[in-house]
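S.K.: Make a model of this:
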Amino acid sequence: MAELWIYSRFILLARIRPIMSNESGSSYPHSPEGERPLPSGRDTPSAFVALHLIRCWNLRKNLVGTDRRKSNHTEKGLEMKLKVKITGPVVHEVGYRYFLMNKALDLGLQGFYAGNQIEDGQQQVIAYIEGIEDAVAGFKNSVGSTWPENADVSEISFSDFRGYVMDAGDFAQTYTAHQLNKAIHLLLDMNRILEEINGNLKAVKYNTDMISQIARDTKEIKEEIEPILKL
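M.R.: Predicted coordinates for the structure are as follows:
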């Protein structure tokens, strides 16, 4: 997109006649004495275009920036990518992706993504990581021997990966928002249950008050019939 924008600027500027040239052919007629004026006539658009292309190129560098994961080497060592496949009867809805995400962030991995899937009737968690060699090795050793408390894991496999890996910070934000959206529904259900419990408690309290009232009425009836029974 940046290259297309620069090209469109070039085409636009190439069609513009110099607006800073006067009829005598001098550019910037009011420029300070001794300052070299810009070229005039047919040369002015070329100078104008060159100046704007330089500015556009600098702007492009600022917009695109430098991808810190573009190179396979960093100051700390070689960067690696890894695919992790975790299979088992129960690896979904036990906080496995959150568990892996925390491991990745603690180790300073630059790239991380994790998702759930079903394959041949088995639950799976697929994770992709990217980072320096030591951090990737630490992640591999950790997730290969530990997992969430309620998970039931049958196999964990690792393989090389060459594709794109999402930025770990971006995944953390996206995953947190997704979990919060799920939590909202749970909180609404909990609120409904609490309202039902509150209604039941009110009914119990009403019944308890009725029991006290029945006891008082029974006592009064007993006091009224006792004299009759003595006759």
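
S.K.: use CA for all of it now, contacts and neighbours both
M.R.: Fine.

S.K.: Residue 113: what secondary structure?
M.R.: strand (DSSP: H, G, I helix; E, B strand; the rest coil).

S.K.: Past the helix or strand residue 157 falls within, which element shows up next along the chain?
M.R.: According to DSSP states H and E, residue 157 maps onto strand 155-160. On the C-terminal side of strand 155-160, the closest following helix or strand by DSSP H and E is helix 168-230.

S.K.: Now do stretch 141-161, average pLDDT.
M.R.: For stretch 141-161, the mean per-residue pLDDT is 96.

S.K.: what does that stretch contact?
M.R.: The contact list for stretch 141-161 (CA atoms under 8 Å, 6 or more residues apart in numbering) reads 81-92, 94-96, 99-100, 128, 140.

S.K.: one more time with 10 Å
M.R.: Under the criterion CA atoms under 10 Å, 6 or more residues apart in numbering, residues 80-100, 103-104, 122-130, 135-136, 138, 140 lie in contact with stretch 141-161.

S.K.: Map the structural domains onto the sequence of the chain.
M.R.: The chain breaks down into these domains under automatic domain parsing: 2-64, 77-166, 182-231.

S.K.: between these, which gets the lowest average pLDDT?
M.R.: domain 2-64 (a mean of 45).

S.K.: Can you select the buried ones among the contacts of stretch 141-161 for me in ChimeraX?
M.R.: Buried members of the contacts of stretch 141-161, defined by 16 or more other CA atoms under 10 Å, are picked up in ChimeraX with:
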select :80,81,82,83,84,85,86,87,88,90,91,92,96,97,98,100,103,104,123,124,125,126,127,128,129,130,135,136,140
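
S.K.: Looking at the contacts of stretch 141-161, which are in helices?
M.R.: Judged by DSSP state H, helices contain the following of the contacts of stretch 141-161: 96, 97, 98, 99, 100, 103, 104, 135, 136, 138, 140.

S.K.: The residue nearest to the fifth one when sequence neighbours are not counted and residue 198, how far apart?
M.R.: What that stands for is residue 100. Take residue 100 and drop its neighbours on the chain: the residue closest to it by CA to CA, 6 or more residues apart in numbering is residue 143, 7.4 Å away. Residue 143 is 44 Å from residue 198, where distance means CA to CA, to the nearest Å.

S.K.: Tell me which of these two has more neighbours.
M.R.: residue 143 (17 against 12; other CA atoms under 10 Å).

S.K.: Quickly note the distance from the more buried one to residue 81.
M.R.: For residue 143, the distance to residue 81 - CA to CA - is 15 Å.

S.K.: And residue 140, by the same measure?
M.R.: Residue 140 sits 11 Å away from residue 81 when distances are taken as CA to CA.
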